[in-house]
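K.L.:
Quick one: sequence plus predicted model below, questions after.
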Amino acid sequence: MPANQKITPCLWFDGNAEDAIEFYLSIFKDSKVLQITHWGKSVPEKEGSVLVVKFQLAGEEYVALNGGPQFKFNEAISLIVDCGSQEEVDYYWNKLTADGGEPGPCGWLKDKFGLSWQITPSVLMEMIQDEDVEKSTRVMNAMMEMGKIEIAPLQRAYDGN
């Protein structure tokens with residue numbers, strides 16, 4: 001692990017970790033597979049198949065475990081993608097909802113593997129954290145009406161228009 005990353009998220013998949021990682025690598029720049037571990041002889045029916053994949057998305061490390069059907073992803077955990085522009089929001093939203101992903105409210109979505117993501121423009125957090133309670137409330141109310149986050153309507157709400 002890199003010296004600057006002490007905690008690495010582990011994502012549990014049901015035998016399709018390689019497909020998920022290939023999908024994620026196609027979306028995020030600065031991404032790569034770092035290491036693949038295969039099942040050994042201790043589980044003969046799985047011997048040679050992929051057990052764990054260590055990978056990097058946008059410079060951050062993750063582990064994918066082919067753990068089986070016992071556990072499924074849910075909204076209790078999500079990955080937040082910080083976006084600097086509407087074009088970036090649109091890109092990640094469209095890519096991650098493709099091929100069976102599901103759009104959700106307030107910038108949330110599930111990808112085709114069931115993993116939850118929040119596609120969030122940086123400016124949203126700046127607006128919500130504004131000391132002017134009326135501005136931040138208008139922005140929060142506008143966001144609550146959205147699926148994919150749209151920066152222009154947020155800006156209008158922030159400006160009071």
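P.N.:
Received, thanks. Residues are numbered from 1 along each chain as shown.
K.L.:
Quick check: which element contains residue 154?
P.N.:
In the assignment (DSSP states H and E), residue 154 maps to helix 151-159.
K.L.:
Next, the buried residues of that helix.
P.N.:
By neighbour count on 16 or more other C-beta atoms under 10 Å, the buried set for helix 151-159 is 151, 154, 157-158. In short, each C-beta sits where N, CA and C put it, glycine included.
K.L.:
now swap in stretch 116-128 and tell me
P.N.:
Within stretch 116-128, the residues scored as buried using 16+ other C-beta under 10 Å are 116-121, 123-124, 127.
K.L.:
In TSV: the residues you listed, plus pLDDT and secondary structure.
P.N.:
Shown next, in TSV, are the buried residues of stretch 116-128 (pLDDT from 0 to 100; DSSP: H, G, I helix; E, B strand; the rest coil):
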residue	pLDDT	secondary structure
116	98	strand
117	98	strand
118	98	strand
119	98	strand
120	98	strand
121	98	strand
123	98	helix
124	97	helix
127	97	helix
